[in-house]
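1. Below is the sequence, then the predicted model.
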Amino acid sequence: MSAASDRPFVFINVAATADGKIDTYRRGGATISSARDKQRVDRLRAESDAVMVGGRTLHDEDPDLTVKSASLREERQQKGLAANPLKVGVATRLLLSLGGRFMSAGPAKAMLFTTSQTPEQQLETIRAAGAEVHVLGDQRVDLHRAFVILKKAGVERLMVEGGATLNFEILRLGLVDEVTIFMAPRIFGGESSPTLAGGAGLEAEAAVRLDLLDCERWEDGGVLLRYRVQRRD
Ligand SMILES: NC(=O)c1ccc[n+]([C@@H]2O[C@H](COP(=O)([O-])OP(=O)(O)OC[C@H]3O[C@@H](n4cnc5c(N)ncnc54)[C@H](OP(=O)(O)O)[C@@H]3O)[C@@H](O)[C@H]2O)c1
């Protein structure tokens, strides 16, 4: 990505099992990260301007997406930043509960990208609760436009925390710079268990190609992998 890019630097972070699953077949948000990995993820959030999730993760798990460590929040504030990064959600049809963690945990600003399938009343309710909402498309959210809007809002570094469908879509569209995977020493199996990238899939010749930047072996049995996504142009 060039310095003059019209989108932020984008990285995906996932916790996966050794068989590449990011949840069990129950899709209830199973814990995969070790204690050390949770601290690493907290730091990644603290170092990001915004943290994004896809619609199913948003609605089913209602993540708070805040920085858990008080000292990391203080570090941000000492740099003149908000205590927490901007929370970002992408959903075809928003069904958010205003009292839920995504909307209420903070203090943090929230930005949502949706389509014209979200009823006007719901848009108004969410806006009245303080979130910025952008309607970008009729069937699916136009993610190129969403990323341009984020950049214009001052987001230089965007952390994407899944799930599988959103990850695949932004990889397919060439909108990702790096992928970080904490691989836990366990196997979930399950044909329907989500993996790092879901969606319709790609032909082998169209694979998203990666360069390995770092590989760490941890004492908790996990492996941390950091890849750069090869540019297609
Ligand atoms: N281990 C980890 O690191 C990790 C992290 C996050 C999530 N997860 C797991 O991932 C699973 C959820 O993943 P998922 O694949 O089911 O859903 P997802 O990626 O969280 O959300 C996908 C949804 O995003 C919305 N969307 C709208 N426009 C889109 C676009 N252009 N591209 C992509 N998505 C768009 C759609 O919302 P609508 O539904 O409104 O149509 C779509 O269904 C859960 O099991 C969760 O636990 C694991």
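-> Here it is on my side, so go on.
2. So the closest residue to Glu178 other than its chain neighbours, which state does it fall into?
-> On the basis of Cβ to Cβ, 6 or more residues apart in numbering, the spatially nearest residue to Glu178 that is not a chain neighbour turns out to be Phe11, at 4.1 Å. All C-beta atoms are positioned from the backbone trio N, CA, C, and that covers glycine. Using DSSP: H, G, I helix; E, B strand; the rest coil as the criterion, the local structure at Phe11 reads strand.
3. wait, doesn't Phe11 sit right on Leu175?
-> No. Between Phe11 and Leu175 there is no contact, the gap being 10.8 Å when judged by Cβ atoms under 8 Å.
4. Tell me how many other residues crowd the residue nearest to Glu178.
-> Phe11 sits with 20 neighbouring residues when counted by other Cβ atoms under 10 Å.
5. Contact partners for it?
-> 157-160, 176-180 (Cβ atoms under 8 Å, 6 or more residues apart in numbering).
6. what about 10 Å?
-> Each residue near Phe11 by Cβ atoms under 10 Å, 6 or more residues apart in numbering is listed here: 44, 48, 157-160, 176-180, 226-229.
7. For PyMOL, write the selection for the buried entries among those residues.
-> Applying 16 or more other Cβ atoms under 10 Å to those, the buried members can be selected in PyMOL as follows:
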select buried, resi 44+48+158+159+160+176+177+178+179+180+226+227+228+229
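8. closest to the ligand among the contacts of Phe11?
-> The shortest separation between the ligand and any of those is 9.0 Å, and it belongs to Val160 (by Cβ to the nearest ligand atom).
9. surely that closest one meets Val88?
-> Yes. The pair formed by Val160 and Val88 meets the contact definition of Cβ atoms under 10 Å, at 8.8 Å.
10. who touches both of those two?
-> 50-53.
11. Now rank these by neighbours and give me the top one.
-> Ranking the shared contacts of Val160 and Val88 using other Cβ under 10 Å puts Met52 first, with 31 neighbours.
12. so where does Val141 fall, helix or strand?
-> Of the helices and strands defined by DSSP states H and E, none includes Val141.
13. what's the distance between it and the ligand?
-> 4 Å (Cβ to the nearest ligand atom, to the nearest Å).
14. pretty sure that residue is touching Met111, no?
-> No. Under the criterion of Cβ under 10 Å, Val141 is not in contact with Met111, lying 12.0 Å apart.
15. Comparing these two, which residue is more hemmed in?
-> Neighbours were counted for Val141 and for Met111 using other Cβ under 10 Å; Val141 has more, 23 against 20.
16. Quick check, pLDDT for that one.
-> Predicted confidence (pLDDT) at Val141: the value is 97.
17. List the contacts of it.
-> Applying Cβ under 10 Å, 6+ apart, the residues contacting Val141 are 54-55, 89-92, 112-115, 134-135, 166, 169.
18. and stretch 27-43, what's its mean pLDDT?
-> Averaged across stretch 27-43, pLDDT comes to 97.
19. Would you mind listing the buried residues in that stretch?
-> Residues 27, 29-30, 32-34, 37, 40-42 are the ones in stretch 27-43 that count as buried (16+ other Cβ under 10 Å).
20. So which of the residues you listed would count as near the ligand as well?
-> Intersecting the buried residues of stretch 27-43 with the contacts of the ligand gives 27, 29, 32 (criterion: Cβ under 6 Å from any ligand atom).
21. Nothing else from me, thank you.
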